[in-house]
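> Sequence plus predicted model, see below.
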Amino acid sequence: MTEAELYSVHKGVYVPTHLNPPESLKYCEEFTFRQEDILIVTFPKSGTTWMQEIVPLIVSEGDMTPVLTVPNWDRVPWLEEHRAMLLSLEQRPSPRVFATHFHHRMMNESYFKMKPRVLYVMRNPKDVFTSSYHYYGMASYLVNPGTQDEFMEKFLHGNIMFGSWFDHVKGWLNAEEKASILYIFYEEMIADLKGSVEKIGQFLGKSLKPDVTEKIADHCVFKNMKQNKMSNFSLVPEEFMNQKKSEFLRKGIAGDWKNLFTEAQEKRFDAVYEDKMKDVTFKFPWD
Ligand code: A3P
């Protein structure tokens, strides 16, 4: 199926209509934030699911109940997805934890007024591309990626769900409300998960005991988290996500793009990256 059949355009970017129907986008636009809310913001395939595991465990100070009994999409719902409307989020006690793939400029009025805490997770865009390429091939609500070259042009031009990775990252890096945002990298979480749990805990005002930090990091390491059926998307029907083609928790490493890109694709990607990121002074771990 085509973009016209599977996607809608919301505030200038493609969103998958099946997950983000107009009534959900309206709900999200009218949503009232609280200052104590915690918002996980990502471009898709940058580590959203990982954070949906880590943050509730920090909030619960290591109590495993939420992550072992509630699917990630209800535990930390995406505000723009259709489930959000069904979960009585207004009645949840603080701190509520949400996720969104929205660009900074797509956030609603209440967000800019309340300035909830944001965890903005970034990942090497070449790995985001690689993870997306496999994911678009297995998720029926997304347009089939076609060849790697075809998908790369779509990725580089922002003709995929949630638009351009470059615009997403630049928009959130330029946010004025920096005091309420923690910028964190997938790569630093891979390199030092325990340190990352501590860092996120500190940002959220939780001083975790060392054994609790250890327990959280141990549960959230890829091979362990992959076993959690509340987080590995095994509860999703096969016709929606065919994990026989590619698992949702696929490899969980940094640098897998090296196994996928041809030399020509690497050059093409680098040229566009250099051009689009030329005015960005922020230092990324992959530069
Ligand atoms: P790969 O496809 O490269 O394996 P998102 O949740 O934003 O859709 O991102 C999905 C990517 O995050 C997938 O990348 C997935 O394997 C990875 N991921 C999820 N949980 C992880 C974990 N505990 N450790 C490392 N990577 C994880």
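Structure received. Numbers count the residues shown, from 1 in each chain.
> For residue 135, which non-adjacent residue is spatially closest?
residue 45 (6.3 Å; CB to CB, 6 or more residues apart in numbering). (Each C-beta comes from the backbone N, C-alpha and C, glycine too.)
> Hmm, I typed the wrong one, I wanted residue 85.
Per CB to CB, 6+ apart, closest to residue 85 is residue 27, 4.8 Å.
> Am I right that residue 223 falls within a strand?
No. Counting by DSSP: H, G, I helix; E, B strand; the rest coil, residue 223 is not found in a strand; it is helix.
> Quick one, grab the pLDDT at it.
At residue 223, the model reports a pLDDT of 98.
> State the distance from it to residue 76.
Distance from residue 223 to residue 76, counting by CB to CB, to the nearest Å: 21 Å.
> quick one: which of the two has more around it?
residue 76 (25 against 8; other CB atoms under 10 Å).
> now that one, nearest residue through space, not along the chain?
Per CB to CB, 6+ apart, closest to residue 76 is residue 52, 4.1 Å.
> mind checking which helix or strand that neighbour is in?
Per DSSP states H and E: residue 52 is located in helix 48-59.
> Next, the contact list for the residue nearest to residue 76, please.
40, 72, 75, 76, 97, 99, 231 (CB atoms under 8 Å, 6 or more residues apart in numbering).
> who does the longest helix anywhere in the chain touch, helix- and strand-wise?
Longest helix in the chain, counting residues (DSSP state H): helix 263-276. With contacts defined as 3 or more CB pairs under 8 Å, 6 or more residues apart in numbering; DSSP states H and E, the packing partners of helix 263-276 are helix 125-136, helix 148-157.
> Buried deepest among these, which one?
When you average the neighbours per residue for each of the helices and strands packed on helix 263-276 (mean count of other CB atoms under 10 Å), helix 125-136 leads with a mean of 22.
> Check which helices and strands that helix is in contact with.
Helix 125-136 is packed against helix 148-157, helix 165-173, helix 263-276, with contacts defined by 3+ CB pairs under 8 Å, 6+ apart.
> export these to CSV and tack on distance to the ligand and mean pLDDT?
Putting the helices and strands packed on helix 125-136 into CSV (distance: least, CB to the nearest ligand atom, whole Å; pLDDT from 0 to 100) gives the following:
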stretch, distance to the ligand, mean pLDDT
helix 148-157, 14, 98
helix 165-173, 12, 98
helix 263-276, 16, 98
